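Chemist: this is a predicted model, with the sequence first.
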Amino acid sequence: MSTITTDQLTAFAVDILTAAGADREQAMSVAEVLIWGNSAGRPNQGVWRLPILCKRLSKDLFNSPCNLKIDKRTPSVAVIDGDNGIGHYVGQVAADTAIDLASKNGVGVVTVSDSNFLGSLGYYVDKIAKNGMLAVLWNNSFPKVAPYGGVKAVLGTNPLAFAAPRRNGRNVIADLSTGASAGSTITKAAELGQPIPEGIAIARDGTPITDPAKVKDGALLPFGGAKGYALGLMVEIMAGVVTGAGISHGVHSMYGDFENPGNSGHFFMAVDINTLMPMNTYYERMEMLVDVLRESGEEVMLPGEGRWGALDKTEAAGGITLDEKTIKALTELANSLSVITPW
């Protein structure tokens, strides 16, 4: 295991992406999201993603620089054409646009088409919440999940996220896949040769799968049965149908399809709490709710507290700890691009 400062790892990520062909300024936005993933205890959404991002850059499956087109349809609504940019950068622009619209008009709704994998959705909703706003984000992805009662993958893991600000800055952050597992978890398990529990995936005949490498030939189940399926369908409508992005098989795999751009969609919404009530009143009521939750038991945690704890540990450790498998993969990538590693 190796520990690298966040500044060093950020600079390294930017250098890697730039050497692979990304625009440097846009690479900085991408790196910021990746480093947050590692710092917040989500390594599957961190620099572990650099090799696949660089591979897609090398095959011209991202436009970088991309020329986003922002069409402000009303004072509160904007429609963004992502121009097949790296999703992390497109997501940063979309979040900033939602914040700007909400700060001026109370609500900001931003739809995004022709985009790619976003990474950690929690990053974007927390960014919005830091501006005293409620945040919601829907994101569709390539088909991995069977609908409730079916066996064929026709929906993505279709994550959704929500954030609400707290006075202490440790915002409530809910970031969840609507599949029984996040796709990144399956990919990571396959890389490590680790089995997955039963009840997560099925083969084409409906029998359980525990080998993550076989999931691509079968399907993930929706989490919570019919309820997870309903949520995944909602995300597909909000992030796919409404945005004009790909729907179902019109969204392409980042790891499995090296001929087509991702074509995923995102739906961002920001609500300025000040337009609903004074912020102090909101904060007081929010802490009343937190107190009620805490009274239920000492071990009760708020969504997002695990991330804040991980961020604290990252700061206390003086940086981000990477496992040897990740170090090896990044070293090989750096050598192929003539980039100096920080370890």
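Modeler: Great, that's in hand.
Chemist: please state the offset of the helix of greatest length in the chain from the chain centre?
Modeler: Ranked by residue count and defined by DSSP state H, the top helix of the chain is helix 87-105. Distance of helix 87-105 from the chain centroid (Cα atoms, centre = their mean, to the nearest Å) equals 15 Å.
Chemist: helices of the stretch 51-200 of the chain, residue ranges please.
Modeler: Per DSSP state H, counting those that start in this stretch, the stretch 51-200 of the chain carries helices over the ranges 87-105, 121-129, 183-192.
Chemist: mean pLDDT, distance to Gly309 and mean neighbour count added to these, as TSV?
Modeler: Quick note: C-beta positions are derived from backbone N, CA and C, even for glycine. As requested, the helices of the stretch 51-200 of the chain are exported to TSV (pLDDT from 0 to 100; distance: least, Cβ to Cβ, whole Å; neighbours: other Cβ atoms under 10 Å):
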stretch	mean pLDDT	distance to Gly309	mean neighbour count
helix 87-105	99	24	23
helix 121-129	99	14	27
helix 183-192	82	20	18
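Chemist: which strands or helices does the longest helix of the chain pack on?
Modeler: Secondary-structure packing of helix 87-105 (3 or more Cβ pairs under 8 Å, 6 or more residues apart in numbering; DSSP states H and E): helix 24-39, strand 69-74, strand 77-81, strand 107-115, helix 121-129, strand 133-139, strand 264-272.
Chemist: where does the chain dip in pLDDT?
Modeler: Applying pLDDT under 70 to the chain picks out no residues at all.
Chemist: domain map for it?
Modeler: Annotated domains of the chain cover 1-59+304-342, 66-176+226-302, 179-220 [the TED database].
Chemist: just those: most buried one?
Modeler: Most buried of these, by mean neighbour count (mean count of other Cβ atoms under 10 Å): domain 66-176+226-302, with a mean of 20.
Chemist: quick one: end-to-end distance for it.
Modeler: 37 Å (Cα to Cα, to the nearest Å).
Chemist: how far off centre is it?
Modeler: 9 Å.
Chemist: for the helices of the stretch 51-200 of the chain, which one sits closest to Tyr282?
Modeler: helix 121-129 (11.8 Å; Cβ to Cβ).
Chemist: where do the strands sit along the stretch 201-343 of the chain?
Modeler: Along the stretch 201-343 of the chain, counting by DSSP state E, counting those that start in this stretch, strands occupy 201-202, 208-209, 219-220, 264-272, 320-322.
Chemist: and the contacts of the second one?
Modeler: When you say that, I think you mean strand 208-209. Here strand 208-209 makes contact (Cβ atoms under 8 Å, 6 or more residues apart in numbering) with 196, 198-203, 215, 218.
Chemist: I'd like to know which of those is nearest to Leu333.
Modeler: Val215 (25.1 Å).
Chemist: wouldn't the closest one be in contact with Lys144 here?
Modeler: Yes - using Cβ atoms under 8 Å as the test, Val215 is close enough to Lys144 to be in contact (7.4 Å).
Chemist: before we move on, the earlier item: and the helices and strands packed on helix 87-105: which comes nearest Gly306?
Modeler: When those are compared (using Cβ to Cβ), the closest one is helix 121-129, at 10.3 Å.
Chemist: packing partners of that closest one?
Modeler: helix 24-39, helix 87-105, strand 133-139, strand 160-164, strand 172-176, strand 264-272.
Chemist: what angle separates that helix from helix 87-105?
Modeler: Orientation check (axes from the mean of the first three to the mean of the last three Cα atoms, to 10 degrees): helix 121-129 against helix 87-105 gives 20 degrees.
Chemist: mind saving the C-alpha coords of helix 121-129 as CSV?
Modeler: The C-alpha coordinates for helix 121-129 follow below in CSV (Å, rounded to 0.1, in the frame of the first residue of the first chain):
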residue,chain,number,x,y,z
LEU,A,121,-22.6,11.2,-8.3
GLY,A,122,-22.2,12.2,-4.7
TYR,A,123,-19.5,14.7,-5.7
TYR,A,124,-21.9,16.7,-7.9
VAL,A,125,-24.8,16.8,-5.5
ASP,A,126,-22.6,17.8,-2.6
LYS,A,127,-21.1,20.6,-4.8
ILE,A,128,-24.7,21.9,-5.3
ALA,A,129,-25.6,21.5,-1.6
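Chemist: so what touches that helix?
Modeler: 33, 36-37, 40, 42, 91-92, 94-95, 98-99, 102, 118, 134-137, 139, 159-165, 171-173, 175, 268, 270, 304, 307.
Chemist: can you check which of the helices of the stretch 51-200 of the chain gets nearest to Val235?
Modeler: helix 121-129 (10.8 Å).
Chemist: still on that earlier bit, and the helices of the stretch 51-200 of the chain as a markdown table, adding distance to Thr321?
Modeler: Shown next, in a markdown table, are the helices of the stretch 51-200 of the chain (distance: least, Cβ to Cβ, whole Å):
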| stretch | distance to Thr321 |
| --- | --- |
| helix 87-105 | 22 |
| helix 121-129 | 19 |
| helix 183-192 | 16 |
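Chemist: for the ones you listed, which one sits closest to Asp323?
Modeler: Judging the helices of the stretch 51-200 of the chain by Cβ to Cβ, what sits closest to Asp323 is helix 183-192, at 9.4 Å.
Chemist: the inter-axis angle of the closest one versus helix 24-39?
Modeler: Using the same axes, to 10 degrees: helix 183-192 against helix 24-39 is 80 degrees.
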